[in-house]
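>>> here is the input, now give the coordinates:
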Amino acid sequence: MKARTPKRAKQEREYADVCDELDREMEEQKKLYCFFCGEPLSENWIHHHLRGREGALLTNKDYLVVGHFECHQQFHDLPVKRQKWREIFMENLRVKDPQTYYKEREKENK
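Model (predicted):
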C-alpha cells in the first residue's frame, strides 16, 4: 500500500475540517437531505465529491455533497438504469453543478 505523503496528510486534515464546516452549515440551514434520493438525513451520512478527490478538489466545498451511505454505494456500484433515485439526483446535480450534470447525462446514453 502506498504511504501518504505529508502534503496529502495535510490535505486530508483540511478535508475533515471542510466536511465539518459543510455539515454545520447544512444543519443550521435545515438542509440535511440526501443529494441522491432527496430524503432527510438523520446521522451517519457520507460525503460525495461531484468532481473527484484529486488535488484541490479534495477540499473544494463547491463540489462536495452529502448522502445516505447506501445511496452513495448504489451510485458507485449500480448501472445508472438501476438507480431508483436517478432523476432526483440528476435534478439536484443540474442545479448544483451543470458541467457534471451533462457528463452524467452522457453516461445514460451509452
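>>> quick one: low-confidence residue ranges for this protein.
1-2, 110 (pLDDT under 70).
>>> quick one: the helices in it?
6-28, 69-77, 86-96, 98-108 (DSSP state H).
>>> nearest to H48, out of the ones you listed?
For those, proximity to H48 was assessed by CB to CB; helix 69-77 is nearest, at 5.5 Å. For glycine as for every other residue, the C-beta is placed from the backbone atoms N, C-alpha and C.
>>> quick one, the closest one and helix 86-96 angle?
Inter-element angle recorded for helix 69-77 and helix 86-96: 90 degrees (by axes from the mean of the first three to the mean of the last three CA atoms, to 10 degrees).
>>> list of residues touching helix 69-77?
The contact list for helix 69-77, computed with CB atoms under 8 Å, 6 or more residues apart in numbering, reads 34, 36-37, 44-46, 48, 67, 82-83, 85, 89.
>>> picking up where we left off before, if you compare the helices of the chain, which one is most tucked away?
helix 86-96 (a mean of 16; mean count of other CB atoms under 10 Å).
>>> orientation of that helix relative to helix 98-108 in degrees?
Angle, helix 86-96 to helix 98-108, by the same axes, to 10 degrees: 150 degrees.
>>> helices and strands around helix 86-96, which ones?
If you count contacts as 3 or more CB pairs under 8 Å, 6 or more residues apart in numbering; DSSP states H and E, helix 86-96 packs onto helix 98-108.
>>> how far away from the center of its chain is the helix it packs on?
Distance of helix 98-108 from its chain centroid, counting by CA atoms, centre = their mean, to the nearest Å, is 15 Å.
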